[in-house]
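Colleague: sharing a sequence plus its predicted fold:
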Amino acid sequence: MKSELKNTVLKPTIPTLENGEMADATLRERLTRIEFENRYTKSNIKKAELIEGTVYMASPLQITQHGNPHARIMTWLGIYWSATPGIELGDNSTIRLDGDNEPQPDALLRIENGGKSIISEDGYVEGAPELIVEIAASTVSIDVHEKKENLSS
């Protein structure tokens, strides 16, 4: 009897990101920024952040608690940015802080030359910008604990 074997190429599957995920939660092993970026870019997720090696995903946003305050902050920062040469304004831009942290704050301002952060070759902010803004009505616990500790150090 003749066997019908097909040549198949096995492609490694990249696991999806899950909210609260760590590399190994039982060992409290943290997901690295490189692994996080690799998995994030291959997913359909719109917004996820890596804080101290743990993945956080955004909840649906209400206009009264997030949309309107966000618009007001962006308007205020936009006016400041347009009147202040040498700074850069970002809206929901990823910041590569270190190997365990990659937040995506609601807004940021950075000094373009001579500031604390740089723009990487692939277009990301690396290092802490001079100002970050989080609209914290829906993510208060994360924003005032894990994120604040990492962004203020």
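Modeller: Received the coordinates, thanks.

Colleague: what is the longest helix seen in the chain packed up against?
Modeller: Determined from DSSP state H, the single longest helix within the chain is helix 68-83. Applying 3 or more C-beta pairs under 8 Å, 6 or more residues apart in numbering; DSSP states H and E, one finds that helix 68-83 contacts strand 87-91, strand 107-111. Where you see a C-beta, it was placed from the backbone N, CA and C, and this is true even at glycine.

Colleague: which of those strands is buried the deepest?
Modeller: The highest mean neighbour count among these, using mean count of other C-beta atoms under 10 Å, belongs to strand 107-111: a mean of 20.

Colleague: now the next helix or strand after it: how far from the chain's centre is it?
Modeller: Proceeding N to C from strand 107-111, the next assigned helix or strand is strand 118-119, under DSSP states H and E. Computed by C-alpha atoms, centre = their mean, to the nearest Å, the separation of strand 118-119 from the middle of its chain amounts to 15 Å.
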